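Participant: Give me the fold of what follows.
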Amino acid sequence: MDLEALVWPDGVVIAFSVLIIQVLTTVHILYTKDEVRSAIAWGAIVWLAPVFGLLFYMLFGISRIQRRAVAARQRRGLKPREGGMADPDGPRLADVQQSTPQRWRAHDRLAGRVAATPLTVGNSITPFDGGRAAYEAMVAAIDKAEKTVALTTYIFQADQAGRKIMSALVRAKERGVDVKVLVDAVGNMYGLRPVSNILRRRDIDVATFNPARLSWRLAFFNLRTHRKLLIIDGKTAFAGGMNIRKHHLEDPEKGQRVRDLHFGLSGPVVRQMAEAFADDWLFSNQPELDPEIWMPEISSQPGKIAVRSIPDGPDEPLQKTAMIMESALASARKRVQILTPYFLPEQALLSALKQAALRGVQVDILLPEKSNLPLFSLTAMAGIRQLIEAGCRVLVSSPPFDHSKLMIVDETWTLFGSSNWDARSLKLNFEFNVECYDEGFGHQMAQWVAPRFKAAKQVTLDSLKKRPRHHRIAGRLMWLLSPYL
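Facilitator: Coordinates of the predicted model:
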């Protein structure tokens, strides 16, 4: 027998190996993807573009972040986070607001179980319109710090805005304040100089979140923290969607480059914010923070806002923020107002929006007319026809680009934070949002957004038809990839 005849050519061996990997990858897709659309899309990529598709799936399709988070906590003797299906300890909305409708009591129960955080009472919230007001308040708070400063953000640039924050952090460090800074590894690279290097040279304790290296860790560099939190002495804090960069500053001559909204908070919810930071700090292979120092107990003040924090991320078993949004839409009876810079919601949220509109709720969605990411504008316009047909009002705001993230329901319930209305925020990113049950605060925010809605231009079915044909075609093609944008 000629043994050489039994040896397969190299090309056949390679092709057979790729085929086996494709089959195994397909099995992995079928077992790990919860949505048919996602499974079909990934399967098509793997089989239609074998080498590129397999590499792309390894980089972007597999979420190893949950296992890494569990391992990081176990190394320090902590229990892994689990799905919040039990009522958390703490007050119920019915105890705080006895006249609240049953639908909001039911929503409060769902939100508590999903977010796994209790409702807190006795909180105060101060909105800041624009970067200059927000950054000045943040610098003033850092300058008053006595014990601790914890800062986490996605983008932190060493520019006109970033230098002021860095200088305040250095001053706090020189006073003996314990300063911790956590910057996302991708956001850290915005601009020419990584802020992490500058802070380290100034003796600030800094870490980068989920850094990408040429190793197996490269496979989940796509998962990043989008949270924006500043916590002072565990007692006062800031949260919202505003990064630290000069784009948010108003130029006296040119005006705003980016419109945005941020919030200052005080009260028991700050402890929940500090706990979220401590988890992220631990996840980033940093020492565990002493809860007595970083997370002190805060007494509530009667008559103030009832608030719950919603920390969310790919290491959590539920899509917390999306589920809470859907529940709030189901609870709406009069009006829903949504501001978001990026709008590519998945089918469940689209259905909730349409159902609210079909029940007679006025659903208003405000998007930027021109996005800082042109692909998002094209894709968003490609997917809103069904909302308009169901009765939702979609409006677009003229420049400057509006980066605000806000949701108001019946001027009773308000949601703000770092999440956008897209799959990246609601599935891949680590996000932090806050839900508020308070008619006074809801009315205040509704009054704040009123001029923006009034000045915006409504999108109609006719205006969609009049868009250039190549824009419509490109938008529909990009819409197919919307779960991954």
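Participant: Can you get me the start-to-end distance on stretch 311-325?
Facilitator: 14 Å (CA to CA, to the nearest Å).
Participant: Give me the helices and strands touching the lengthiest strand in the chain, please.
Facilitator: Longest strand in the chain by number of residues (criterion: DSSP state E): strand 120-129. On a contact count with 3 or more CB pairs under 8 Å, 6 or more residues apart in numbering; DSSP states H and E, strand 120-129 meets helix 131-143, strand 261-266, helix 269-283, strand 305-312, helix 439-455. Yep, even glycine has a C-beta here, placed from its N, CA and C like the rest.
Participant: Single out the most deeply packed of those.
Facilitator: With neighbours taken as mean count of other CB atoms under 10 Å, the helices and strands packed on strand 120-129 reach their highest mean count in strand 305-312, at a mean of 25.
Participant: which helices and strands sit right next to it?
Facilitator: helix 102-115, strand 120-129, helix 269-283, helix 320-331, strand 431-437.
Participant: most tightly surrounded among these?
Facilitator: strand 431-437 (a mean of 25).
Participant: Distance from stretch 258-274 to the middle of the chain?
Facilitator: 14 Å (CA atoms, centre = their mean, to the nearest Å).
Participant: CA atoms only for that stretch, dumped as PDB, please.
Facilitator: Extracted in PDB, the C-alpha atoms of stretch 258-274 (Å, rounded to 0.1, in the frame of the first residue of the first chain):
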ATOM      1  CA  VAL A 258     -22.100  69.100  22.600                       C
ATOM      2  CA  ARG A 259     -25.200  69.600  24.700                       C
ATOM      3  CA  ASP A 260     -25.400  67.300  27.700                       C
ATOM      4  CA  LEU A 261     -27.000  66.900  31.200                       C
ATOM      5  CA  HIS A 262     -25.400  65.700  34.400                       C
ATOM      6  CA  PHE A 263     -26.700  65.300  38.000                       C
ATOM      7  CA  GLY A 264     -25.400  65.900  41.500                       C
ATOM      8  CA  LEU A 265     -26.800  63.500  44.200                       C
ATOM      9  CA  SER A 266     -26.800  63.300  47.900                       C
ATOM     10  CA  GLY A 267     -28.500  60.800  50.200                       C
ATOM     11  CA  PRO A 268     -28.600  57.100  50.800                       C
ATOM     12  CA  VAL A 269     -28.400  56.300  47.000                       C
ATOM     13  CA  VAL A 270     -24.800  57.500  47.100                       C
ATOM     14  CA  ARG A 271     -23.900  54.300  49.000                       C
ATOM     15  CA  GLN A 272     -25.200  52.200  46.100                       C
ATOM     16  CA  MET A 273     -23.100  54.300  43.800                       C
ATOM     17  CA  ALA A 274     -20.000  53.700  45.900                       C
END
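Participant: Distance to residue 314 added to the helices and strands packed on strand 305-312, as CSV?
Facilitator: Formatted as CSV, those follow (distance: least, CB to CB, whole Å):
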stretch, distance to residue 314
helix 102-115, 16
strand 120-129, 26
helix 269-283, 12
helix 320-331, 11
strand 431-437, 10
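Participant: what stretches of the stretch 351-485 of the chain score poorly on pLDDT?
Facilitator: Counting by pLDDT under 70, the stretch 351-485 of the chain contains low-confidence ranges at 374-378, 470-485.
Participant: where along it do the strands fall?
Facilitator: All strands of the stretch 351-485 of the chain, identified by DSSP state E, counting those that start in this stretch, fall at 362-368, 393-397, 401-402, 406-409, 413-417, 421-422, 431-437, 457-459.
Participant: Wait, residue 343 touches residue 366, no?
Facilitator: No: using CB atoms under 8 Å, residue 343 is not in contact with residue 366; the gap is 9.4 Å.
Participant: Leaving out sequence neighbours, find the closest residue to residue 152.
Facilitator: residue 182 (4.1 Å; CB to CB, 6 or more residues apart in numbering).
Participant: pLDDT score for that neighbour?
Facilitator: Looking at residue 182, its pLDDT is 97.
Participant: go on, residue 7?
Facilitator: So residue 7 comes in at 56 (pLDDT).
Participant: try residue 154
Facilitator: 95.
Participant: ok, it - contacts?
Facilitator: For residue 154, the contacting residues are 183-184, 186-187, 224-228, 243, 418, by CB atoms under 8 Å, 6 or more residues apart in numbering.
Participant: Need phi/psi at the residue nearest to residue 152.
Facilitator: phi -120, psi 120 (degrees, to the nearest 10).
Participant: got the contact list for it?
Facilitator: 150-153, 206-209, 225, 277, 280-281, 284.
Participant: Any chance of TSV for the residues you listed, columns distance to residue 164?
Facilitator: Output for those, formatted as TSV (distance: CB to CB, whole Å):
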residue	distance to residue 164
150	18
151	13
152	18
153	14
206	17
207	22
208	21
209	23
225	22
277	21
280	24
281	24
284	25
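Participant: Go through those and name the one nearest residue 91.
Facilitator: Nearest to residue 91 among the contacts of residue 182 is residue 277, at 23.6 Å by CB to CB.
Participant: Excluding chain neighbours, give the residue nearest to the closest one in space.
Facilitator: Nearest to residue 277 is residue 150, by CB to CB, 6+ apart, at 4.7 Å.
Participant: any idea which element that neighbour lies in?
Facilitator: According to DSSP states H and E, residue 150 maps onto strand 148-153.
Participant: now the next helix or strand after that strand: how far from the chain's centre is it?
Facilitator: Where DSSP H and E defines the elements, the next helix or strand beyond strand 148-153 is helix 160-174. Relative to its chain's centre, helix 160-174 lies at 25 Å (CA atoms, centre = their mean).
Participant: ok so, going back, partner residues bridging the residue nearest to residue 152?
Facilitator: Counting by DSSP bridges, residue 182 is bridged to residue 152, residue 207.
Participant: In the longest helix seen in the chain, which residues are buried?
Facilitator: The helix that spans the most residues within the chain, counting by DSSP state H, is helix 10-32. With burial defined by 16 or more other CB atoms under 10 Å, the residues of helix 10-32 counted as buried are 22, 25-26, 29.
Participant: Touching, residue 389 and residue 459? I think so.
Facilitator: No: applying CB under 8 Å, one finds residue 389 not in contact with residue 459, separated by 12.0 Å.
Participant: Name the residue in those two with the higher neighbour count.
Facilitator: Neighbour count, other CB atoms under 10 Å: between residue 389 and residue 459, residue 459 has more, with 23 against 11.
Participant: Just give the closest residue to that one, not the sequence neighbours.
Facilitator: Looking at residue 459 with CB to CB, 6+ apart, the closest residue is residue 394, at 4.4 Å.
Participant: Would you agree the one you found is in contact with residue 367?
Facilitator: Yes: counting by CB under 8 Å, residue 394 touches residue 367, with 6.9 Å between them.
Participant: what's the burial count for the residue nearest to residue 277?
Facilitator: Applying other CB under 10 Å, I find that residue 150 has 27 neighbouring residues.
Participant: And the pLDDT at residue 116?
Facilitator: At residue 116, pLDDT is 92.
Participant: was I right about it contacting residue 88?
Facilitator: Yes: when contacts are counted by CB under 8 Å, residue 116 is listed as touching residue 88 (6.0 Å).
Participant: the more surrounded of those two?
Facilitator: residue 116 (21 against 14).
Participant: Outside of whichever helix or strand residue 238 is part of itself, list whatever touches it.
Facilitator: Element membership of residue 238, judged by DSSP H and E, is strand 236-240. Residues outside strand 236-240 that contact it (CB under 8 Å, 6+ apart) are 128, 134, 137-138, 141, 228-231, 260-266, 269-270, 273-274, 405, 416-418, 432, 434.
Participant: quick one: that strand to strand 305-312, angle?
Facilitator: 60 degrees (axes from the mean of the first three to the mean of the last three CA atoms, to 10 degrees).
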